[in-house]
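**Q** the sequence and its predicted three-dimensional model are supplied below.
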Amino acid sequence: MRSRGNAIVGLDIGTTKICALAADPLEGEPMKITGFGMAKSDGISKGVVVNIEKTVRSIQHAVRECELMSGTQIRSILAGIAGQHIMGRNSHGMVTVHNNRTVSEEDIHRVIEAAQAEGQVVLTFGGSAGRNFRPIANVFQEKFGVETVVAT
């Protein structure tokens, strides 16, 4: 099985089935679907995980099917979270980058911690050099901030 770094994999976890879909982005063209996997949604009732072990096995089955069809080893997945039981709150964090140096991985971890967003979805990083939708390591900053949505 080959490993490609550019494959995008989506995962939908529903009450009745779990689906994984792999696609390759093509510059200037629509994405090309390369694989699909599906499994019965065991361990989930009315959109809520009631048995984590069964749910994990179902996810693994769908991902394995997708890997086999696409011929790609899946290393990361984009997954959505939905349901009436999911709540979100906005959170903000700001840190000073000492000695006017470039932003480091440590600074990124500090600002996420300041936003109390550990393990959560990060929407926007920003600082004195502007805004960006991904961590901006190795960019010169005086102040560095993050806006997040914390899902609970």
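**A** The structure has been received and is ready for your questions.

**Q** what residues of the helix with the most length in the chain count as buried?
**A** When the chain is parsed with DSSP state H, its longest helix is helix 52-70. By neighbour count with 16 or more other C-beta atoms under 10 Å, helix 52-70 contains the buried residues 55, 58-59, 61-63, 65-67, 69-70. C-beta here means a position set from N, CA and C on the backbone, and glycine is covered the same way.

**Q** same question for stretch 90-108.
**A** Within stretch 90-108, the residues scored as buried using 16+ other C-beta under 10 Å are 91, 93, 95, 97, 103, 107-108.

**Q** what stretches of the protein score poorly on pLDDT?
**A** Flagging of the chain using pLDDT under 70 yields the residue ranges 1-5, 81, 85-89, 99-101, 116-152.

**Q** spell out the residue ranges of the helices in it.
**A** Ranges of helices in the chain, per DSSP H, are 52-70, 105-114.

**Q** contacts for the longest one?
**A** Outside of helix 52-70, the residues that reach it under the criterion C-beta atoms under 8 Å, 6 or more residues apart in numbering are 1, 7, 9, 11, 13, 18-22, 34-44, 49, 73-74, 77.

**Q** quick one, which of those residues are buried?
**A** Using 16+ other C-beta under 10 Å, the buried ones in those are 7, 9, 11, 13, 18-22, 34-35, 37-39, 41-44, 74.

**Q** quick one on the thing from earlier: let's have the helices of the chain in JSON lines, adding distance to P30.
**A** Converted to JSON lines, the helices of the chain look like this (distance: least, C-beta to C-beta, whole Å):
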{"stretch": "helix 52-70", "distance to P30": "17"}
{"stretch": "helix 105-114", "distance to P30": "33"}
